[in-house]
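S.K.: Quick one: sequence plus predicted model below, questions after.
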Amino acid sequence: MCRPDHFEVSYAINPWMDISDPVDRDLALAQWDTLRATYERYGHHVEVIEGIPGLPDMVFAANGGVVIGDRALSARFANPERAAEGPAYHEWLDEQGFSQVQAAREINEGEGDFAVAGDRILAGTGFRTSRDAHREAEEFFELPVVSLDLIDERFYHLDTALMVLGDTIAYYPAAFSGESARVLAAMYPDAILVTEADAEVLGLNGVCDGYHVFLSDRATTLPGQLRERGYEPIGVDLSELLKSGGSVKCCTMEFHRSATESTALAG
Ligand code: ARG
């Protein structure tokens with residue numbers, strides 16, 4: 001995670017960002033501290049990368065790269081405003097002791113567009129991450145990557161439209177092209193389909209640890225849907241980060257276990 005010490009909305013690269021609507025940075029900091037404390041309360045270890053002045057979106061650590069097992073692929077951002085975050089996250093990932101750290105050649109916004117789902121990766125394209133980046137990730141991680149087309153600019157990253165829940169997913173079908181929605185429906189017949197109202201508050205931008213689901217406290221229907229399936233939703237208020245188009249998942253780069261490690265753990 002990256003503390004929002006330099007967070008602001010000083011440019012607009014997605015429809016959520018309005019430079020005339022100022023953010024309350026102290027409130028953003030307090031909300032972020034609460035998210036971090038919530039992860040820790042539920043037993044999750046948090047590493048923090050230092051923010052850099054002039055890179056207000058660096059708080060959205062999910063975009064810095066993708067980590068699976070001992071491999072890390074650092075990001076290459078689509079917009080010049082965020083370009084310098086790529087090398088910053090690369091350097092940081094390099095210091096974490098992974099055995100392979102590679103800088104993406106193609107436009108790749110990290111876990112914003114790559115969702116690790118067991119032994120496959122679901123990947124979004126259409127607004128940021130390129131289709132070529134999907135192929136690059138497939139080679140680097142040696143895992144199949146399923147490309148999905150995002151078509152609604154409000155849901156410009158895959159993690160705004162889809163959340164992995166262990167063996168299944170939750171998603172907002174209208175954020176995807178007809179063909180991609182059909183692919184998801186066939187692959188996950190038991191998925192949770194999320195309402196537009198919950199998608200619109202970035203309710204899908206959550207993190208699931210297998211049981212707890214950390215998500216925006218503004219989602220109204222999704223918490224009940226999760227409880228019905230045996231998950232425990234934990235609501236968090238990130239109203240200030242929402243002004244930049246981000247929520248819980250955006251603030252979180254997960255270090256995923258590799259599929260082989262999970263198999264080993266499952267015994
Ligand atoms: N303002 C940031 C951008 O538009 C928000 C990034 C949100 N991150 C995410 N993983 N969806 O790039």
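M.R.: Good, I have the coordinates. Numbers count the residues shown, from 1 in each chain.

S.K.: Compute the distance between the residue lying closest to L150 once chain neighbours are set aside and the ligand, please.
M.R.: Spatial nearest neighbour of L150, excluding adjacent residues (C-beta to C-beta, 6 or more residues apart in numbering): G126 at 3.9 Å. For every residue, glycine as well, the C-beta is placed using N, CA and C. According to C-beta to the nearest ligand atom, to the nearest Å, G126 and the ligand sit 13 Å apart.

S.K.: So what does G126 look like in phi/psi?
M.R.: In terms of degrees, to the nearest 10, the main-chain angles of G126 are phi 130, psi -40.

S.K.: Likewise for the one 5 residues further on?
M.R.: The main-chain torsion angles of R131 are listed as degrees, to the nearest 10 and equal phi -60, psi -40.

S.K.: Flag every residue of the stretch 51-200 of the chain that's near the ligand.
M.R.: Contacts of the stretch 51-200 of the chain with the ligand, taken as C-beta under 6 Å from any ligand atom, map to 57, 60, 62-63, 82, 112, 157, 159-160.

S.K.: 5 Å instead, please
M.R.: Contacts of the stretch 51-200 of the chain with the ligand, taken as C-beta under 5 Å from any ligand atom, map to 57, 60, 62, 112, 157, 159.

S.K.: And those residues, which is closest to R3?
M.R.: Closest approach to R3 among those (C-beta to C-beta): F60, at 12.1 Å.

S.K.: who's in contact with that closest one?
M.R.: By C-beta atoms under 8 Å, 6 or more residues apart in numbering, the residues touching F60 are 2, 112, 241, 244, 246, 250-251.

S.K.: Closest one of those to V101?
M.R.: Nearest to V101 among these, with distances taken as C-beta to C-beta, is C2, at 17.7 Å.

S.K.: related to what we said a few turns ago, need the contact list for the residue nearest to L150.
M.R.: Contacts of G126 by C-beta under 8 Å, 6+ apart are 149-151, 156.

S.K.: Now that we have those, which of them are buried?
M.R.: 149-150, 156 (16 or more other C-beta atoms under 10 Å).

S.K.: Among the contacts of G126, which are located in strands?
M.R.: Among the contacts of G126, DSSP state E puts D149 in strands.

S.K.: would you list the contacts of G126 in JSON lines and tack on pLDDT and distance to H134?
M.R.: Formatted as JSON lines, those follow (pLDDT from 0 to 100; distance: C-beta to C-beta, whole Å):
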{"residue": "D149", "pLDDT": "98", "distance to H134": "11"}
{"residue": "L150", "pLDDT": "98", "distance to H134": "13"}
{"residue": "I151", "pLDDT": "98", "distance to H134": "17"}
{"residue": "Y156", "pLDDT": "98", "distance to H134": "16"}
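
S.K.: Which of the contacts of G126 sits closest to the ligand?
M.R.: Y156 (6.8 Å; C-beta to the nearest ligand atom).

S.K.: so the closest residue to the closest one other than its chain neighbours, which of the three states?
M.R.: Excluding its sequence neighbours, the residue lying closest to Y156 (C-beta to C-beta, 6+ apart) is F127, at 3.9 Å. Secondary structure, DSSP: H, G, I helix; E, B strand; the rest coil: F127 is coil.

S.K.: Okay, now stretch 120-135: how far is its last residue from its first?
M.R.: 13 Å (C-alpha to C-alpha, to the nearest Å).
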